[in-house]
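S.K.: Okay, predicted coordinates and the sequence, questions at the end:
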Amino acid sequence: MKIKILLIVFAIFSTFQLKAQKDSLALRTERIAEVNDQEGKFKEYNPLAPAKAAFYSAIFPGLGQIYNGRYWKLPIVYGALGTSVAIYIHNDEQYNRYRDAYKRRLAGYNDDEFQDILSNDRLIDAQKQFRRNKELTLLVTAAIYILNIVDANVDAHLQQFNVSNDLSLNPNLDVDPINQNINYGLSLNIKF
């Protein structure tokens, strides 16, 4: 008897269509479509745009900025990367210059360009300084490269940020009627 009742209950419940909550991303897309239709233009929400922009910038610096349509950032990216690479090359050349002079002195030659100008200790100090500058410049170059990727990702996120009339922040100027003092403030309006 219990089995028959369970089978009947199961049959009844299995005929109903199960409904779950709507996908939150789909709801967001519908909301953006409504807002953009009111403004006369439609821009579809693309959840993969930030990842795509970051990937493009990781493959080739500046490509994520091109993907986002921020062409004015290209000279900044290439200028920063080019400057750091140029400084690295300069420090590497100077390091090799002082190292070669020191090696020639150790080999017994007295014809290097720093003869009678720098002692052996000063040549060693110069090598240490330029090696340290080289390593620091390499770290700065890596940081600029990572910053390029982060910038492309954040910019792609912010392009999809919805700014509508439902949320506004306005400056507020109010004159006190009693003592005629001016009160300054900000007004945050949220419409649901």
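M.R.: Everything's here; your move.
S.K.: how about low-confidence regions in this protein?
M.R.: Per-residue confidence for the chain (pLDDT under 70) gives these ranges: 6-7, 9-45, 162-169, 187-192.
S.K.: Distance check, the residue minimising distance to the centre of it against Y95.
M.R.: Centroid-nearest residue in the chain: V150, 1.7 Å away (criterion: C-alpha atoms, centre = their mean). Distance of V150 to Y95, computed by C-beta to C-beta, to the nearest Å: 31 Å. In short, each C-beta sits where N, CA and C put it, glycine included.
S.K.: same deal with G62?
M.R.: From G62 to Y95 the distance is 29 Å (C-beta to C-beta).
S.K.: again with A54
M.R.: Between A54 and Y95 the computed distance is 34 Å (C-beta to C-beta).
S.K.: For those two, indicate the residue with more neighbours.
M.R.: Set A54 next to Y95 and count neighbours by other C-beta atoms under 10 Å: A54 wins out with 22 against 19.
S.K.: what's the more buried one in contact with, if anything?
M.R.: Going by C-beta atoms under 8 Å, 6 or more residues apart in numbering, A54 touches 64, 149-150, 152-153, 156.
S.K.: what's the burial count for L173?
M.R.: Around L173 there are 8 other residues, counting by other C-beta under 10 Å.
S.K.: any idea which element it lies in?
M.R.: L173 belongs to strand 167-175 when assigned by DSSP states H and E.
S.K.: Give me the packing partners of the longest helix along the chain, helices and strands only.
M.R.: Secondary structure assigned by DSSP state H gives helix 120-159 as the longest helix of the chain. Contacts defined by 3 or more C-beta pairs under 8 Å, 6 or more residues apart in numbering; DSSP states H and E place helix 120-159 against helix 49-59, helix 63-68, helix 74-106.
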